Each structure stands twice: as structure tokens, then as C-alpha cells.
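Peer 1: take this sequence and fold it.
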Amino acid sequence: MLTPRWASSESAAEEPADDSPLLDAYSGAVIGALERVAPAVTFIEVENRGQSKGRHASRGSGSGFLFTPDGYLLTNSHVVHGADRITVRLNDDTRFSADVVGNDPDSDLAVLRIGSPTALPYAEFGDSSRVRVGQVAIAIGNPLGYSKTVTAGVISALGRTLRATSGRLMHDVIQTDAALNPGNSGGPLVDSKGRVIGVNTAMIPQAQAICFATGINTAKWVIGQLFAHGRVRRAYIGVSGATVPIATRVMRHFELTHGSAVHVLEIVPRSPAARAGVAVGDRMIALDDQPISGIDGLQRLLDSTWIDRDCELKILRRSSIIKVTLRPIELPAQGA
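Peer 2: Here you go, the predicted structure:
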């Protein structure tokens, strides 16, 4: 006996596809990642006692995570900057006083250390260069004081830029829709295997599901600098400027590959740029043949490899290109 066509359609409608295996796989991935990394996530409380008489102490909080068994942990610079006292609470609610090993406002990262007589749980670093848009991202932290909070989503975009509180542009920032709130700052962003791929750093209050994390590869470099020098070493030439376009006819005449440059607005006296003869009004277009397309690009270019090394700065001055020898120095510490 043949089954009527309408009967088979009704039967199919009554038996929806079973999505439980898919949901179980996703849940299992999140739970597994959480079990691996959650013991290393910390709640950070900071206190600033105030310098003037009669001022009440201010308090704040954030997140962090241990990355070595001997008590080194990573967090955001803005969480601990200016703190007189830092207390770290572990996942099992034990408390430790913490010392700042190094603080880099330009990348919004800081390394702390706590002392413990026994080995501590720690998170494993991943590789943020292998992260792909659409993959699962899990954020762990203490938003608004609610400790041990977990949110999950996906990687929304890669290679974003974000302005640090110091004014410097941070590069290779990860965008995610895993929800972040005040207090999540400094906590880990992990993949489905529980490996840290980013350090949660910011959200946009006016938007929904637009949150950012510093890529863990950037954090690895900053940690190395802080361990080696107690600070992040960057090169300094002593100019302030603005990104300006270069006229097409000028580009063609001088065979330039970039349509913008840094217009010099001010030169710090006795700085490397001043000693090299750079003048206000010059347009900087290349450093050792590496194009300078804007002020943020120049800041990114001037890493520690340029410190105390003679290099050639190419300048567009009025209707001519000139080359000067420049010797960058180390960027002075903030407040120095």
C-alpha cells in the first residue's frame, strides 16, 4: 500500500531534526575549556590611598590570569595603574598581595607576581596568529564584581586597532561578541581547547556584542620586554605630527608608493630629529626605505630595534626629497 504524499510530509513535520549532538558538542567544548583555564583566572582588587590629606581611598577591581606556576600573572595596565595596594584572589578564594613586575600603558598590559609556597594553576598560551574569524571564543572574568563569570561567542574580526589610554594605537586587536563588562578587563579570552588567545581589554558601551582583546602574541612580546627590562623599550625621535595626503603628481614625480606621510608639526629640542636637521613643515616618507604612511604607522615602526642605531630618514621638503641620518634613542618612561 502506497503512503499518501501528504502523509509523508506530515510525518516529516512531526519529526524535526535532532540538534542535540551539535548542542552537546558545543557545550562540551565550552565546559572543557573552562575546566582547563578557570583555576588560573584571578580576581584583582586595587586600592589607591590618595596623596592629599583628607582624601578617601579609591578602590577598583578587574581580572587577570596566572601564566606560570610560580605566581606570575597577566592583567590590563589600566586595572593596576597607580594602585598603592593590589590584592589577588584565586579561584579557590585564597588571597595574596601582589607586586607589579612591569606595566606598559601603551599596550594596556601589566605583569604582577604573587608569592606562594606551592605551585599554582596556570593557563596555557595559544597562538593568536592562528585564530580565525568565526571560531569559538570564551571570556572568563569578574564583571561588575561577579566572580567566575563565563561568556561565550565567536571571533568577530581580526587585526583591529584600538587607542590605549596613553594615546598610542594598539594593533592586531581581536574583536569578539563574547560579552564583556566592567571588571572583565585583564581576564583571558580562550579558544575551545582552553588556550589563551587574547587578554580582554575593552568594550564599546553604546554598542552590543562589540568587545576587544589584545592578541596573546602581542602579550608574549610585552611579557618578554617586561621580564628583561622592567619596561617595554621603544624608539624615540622627538617629533609630533599628523598624517597628511601626498598629491598624486608628487607621488608620480618621485615614484612614491604611499599616498600619505607624516607632516612634522613640532620638534622636541635636542631630540634625535632636532640633531638630524628635521624641520617643522617637513613630511617624513620613509625610514631606511620602510615607508611612513602615517603617525600611527611611524609609532608602530619605532620598536626597540631602532634604538641607538643610525638610520636614513627620507623627507619631502617643499619640492625636493632630502635624506638625513637619524639616531633614535629609547623612549623616555612616562613621567620621566
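Peer 1: now the residue nearest to residue 35 when sequence neighbours are not counted, what's its secondary structure?
Peer 2: With CB to CB, 6 or more residues apart in numbering as the measure, residue 194 is the residue that lies nearest to residue 35, at 7.5 Å, once sequence neighbours are left out. Where you see a C-beta, it was placed from the backbone N, CA and C, and this is true even at glycine. Assigned state for residue 194: coil (three-state reduction, DSSP: H, G, I helix; E, B strand; the rest coil).
Peer 1: swap in residue 219?
Peer 2: Classification of residue 219 into helix, strand or coil gives helix, according to three-state DSSP.
Peer 1: would you check that it makes contact with residue 76?
Peer 2: No - at 10.5 Å, residue 219 does not count as touching residue 76 under the criterion of CB atoms under 8 Å.
Peer 1: of the two, give the one with the bigger neighbour count.
Peer 2: Taking neighbours as other CB atoms under 10 Å, residue 219 and residue 76 compare with residue 76 leading, 27 against 24.
Peer 1: parallel or antiparallel, list what pairs with the strand or helix carrying residue 100.
Peer 2: Using DSSP states H and E, residue 100 sits in strand 95-104. Each strand pairing with strand 95-104, determined using DSSP bridges, is listed with its direction: strand 85-89 (antiparallel), strand 109-114 (antiparallel).
Peer 1: deepest-packed of these, please.
Peer 2: Among the strands paired with strand 95-104, judged by mean count of other CB atoms under 10 Å, the one packed with the most neighbours on average is strand 109-114 (a mean of 24).
Peer 1: which SSE is immediately downstream of it?
Peer 2: Along the chain past strand 109-114, the next helix or strand (assigned with DSSP H and E) turns out to be strand 136-141.
Peer 1: how about residues contacting that next one?
Peer 2: With contacts defined as CB atoms under 8 Å, 6 or more residues apart in numbering, strand 136-141 is touched by 26, 29-30, 33-34, 37-38, 41, 62-63, 65, 148-155, 174, 176, 178-180, 183-192, 197-198, 200, 211, 213.
Peer 1: in helices, which of those residues appear?
Peer 2: With DSSP state H as the criterion, helices contain 26, 29, 30, 33, 34, 37 from among these.
Peer 1: okay, now the fourth one: neighbour count?
Peer 2: When neighbours are defined as other CB under 10 Å, residue 33 has 22 of them.
Peer 1: residue contacts, it?
Peer 2: 138, 190, 191, 192, 193, 194.
Peer 1: change it to 7 Å
Peer 2: Residues near residue 33 by CB atoms under 7 Å, 6 or more residues apart in numbering: 138, 190, 192, 193, 194.
Peer 1: just the pLDDT at residue 239, thanks.
Peer 2: Residue 239 is assigned a pLDDT of 91 by the prediction.
Peer 1: that one: how many residues sit nearby?
Peer 2: As a burial measure, the neighbour count of residue 239 was computed by other CB under 10 Å and equals 22.
Peer 1: quick one: it and residue 267 touch, right?
Peer 2: Yes - counting by CB atoms under 7 Å, residue 267 is a contact partner of residue 239 at 5.5 Å.
Peer 1: overlap in contacts, these two.
Peer 2: Both residue 239 and residue 267 are in contact with 273, 278, where contact means CB under 7 Å, 6+ apart.
Peer 1: mind checking how far stretch 306-325 is from the chain centre?
Peer 2: Once both centres are worked out by CA atoms, centre = their mean, to the nearest Å, stretch 306-325 turns out to sit 31 Å from its chain's centre.
Peer 1: I meant to write stretch 211-229 there.
Peer 2: The chain centroid and the centroid of stretch 211-229 are separated by 8 Å, computed with CA atoms, centre = their mean.
Peer 1: just the CA trace of that stretch, in PDB.
Peer 2: What follows is stretch 211-229, C-alpha atoms only, in PDB (Å, rounded to 0.1, in the frame of the first residue of the first chain):
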ATOM      1  CA  CYS A 211      34.300  43.700  22.600                       C
ATOM      2  CA  PHE A 212      38.100  43.600  22.200                       C
ATOM      3  CA  ALA A 213      41.100  41.600  23.400                       C
ATOM      4  CA  THR A 214      44.800  42.200  22.900                       C
ATOM      5  CA  GLY A 215      46.200  39.300  20.900                       C
ATOM      6  CA  ILE A 216      48.200  36.900  23.100                       C
ATOM      7  CA  ASN A 217      51.200  37.100  20.700                       C
ATOM      8  CA  THR A 218      51.400  40.800  21.500                       C
ATOM      9  CA  ALA A 219      51.200  39.900  25.200                       C
ATOM     10  CA  LYS A 220      54.100  37.400  24.800                       C
ATOM     11  CA  TRP A 221      56.300  40.100  23.400                       C
ATOM     12  CA  VAL A 222      55.400  42.600  26.100                       C
ATOM     13  CA  ILE A 223      56.000  40.000  28.800                       C
ATOM     14  CA  GLY A 224      59.500  39.300  27.400                       C
ATOM     15  CA  GLN A 225      60.300  43.000  27.400                       C
ATOM     16  CA  LEU A 226      59.000  43.500  31.000                       C
ATOM     17  CA  PHE A 227      61.000  40.500  32.300                       C
ATOM     18  CA  ALA A 228      64.100  41.700  30.500                       C
ATOM     19  CA  HIS A 229      64.000  45.400  31.200                       C
END
